[in-house]
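Undergrad: Model the following, please.
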Amino acid sequence: MASVRIREAKGGDCGDELAEFENLSDQVKISEEALRADGFGENPFYHCLVAEILPASGELLGPCVVGYGIYYFIYSTWKGRTIYLEDIYVMPEYRGQGIGSKIIKKVAEVALDKGCSQFRLAVLDWNQRAMDLYKALGAQDLTEAEGWHFFRLEGEAMRKLAGK
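TA: This is a model prediction of the structure:
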């Protein structure tokens, strides 16, 4: 396998492939401009790592981005600083080569460097391959172990709650 490097993303590195993979592309409501501003502006809401295949010596092509991980920091009143891996994606033709694991390991390094005590992520219930990977890397399924369910408010429900 070619050499893989995990690095901080630049403004144009991340795309919309993940929504297509999760069969949720109809739910994407954010523009590319907003995505860039929110992740690469003065006060980013998220951080992004990219996985790129490095060219072999003598090849004319430059590095090729084949995956990414988007993460941000949250806070637990029980555990303190926490990192949350919102999205991880590896192009289908590069799966099964350890690239996803490398992205996850890099996020874990960032978490430890920032003094985080937890690393959280979620997965759709049909993605057994991802669940198996996370468990193999030492993650605990909180739905199974503790019965946690995650909820979301958006749009009209959020406006109604806020009285707006």
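Undergrad: List the strands paired with the lengthiest strand in the chain, with their directions.
TA: Using DSSP state E, we find that the single longest strand of the chain is strand 64-76. For strand 64-76, the paired strands and their directions (DSSP bridges) read strand 47-53 (antiparallel), strand 80-90 (antiparallel).
Undergrad: export the first one as CSV, just CAs?
TA: Extracted C-alpha coordinates of strand 47-53, given in CSV (Å, rounded to 0.1, in the frame of the first residue of the first chain):
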residue,chain,number,x,y,z
HIS,A,47,-11.5,20.9,13.0
CYS,A,48,-10.8,18.6,10.1
LEU,A,49,-8.1,16.0,9.5
VAL,A,50,-7.5,14.5,6.0
ALA,A,51,-5.9,11.3,5.0
GLU,A,52,-3.9,11.5,1.8
ILE,A,53,-2.0,9.0,-0.3
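Undergrad: what about stretch 142-159, how long is it end to end?
TA: Stretch 142-159 has an end-to-end distance of 30 Å (Cα to Cα, to the nearest Å).
Undergrad: Now it: average pLDDT?
TA: Regarding stretch 142-159, the rounded mean pLDDT is 90.
Undergrad: likewise stretch 83-93?
TA: 94.
Undergrad: Could you do stretch 104-124 as well?
TA: 97.
Undergrad: tell me which residues in it are buried?
TA: 104, 106, 107, 108, 110, 111, 116, 119, 120, 121, 123 (16 or more other Cβ atoms under 10 Å). (C-beta placed from N, C-alpha, C; glycine too.)
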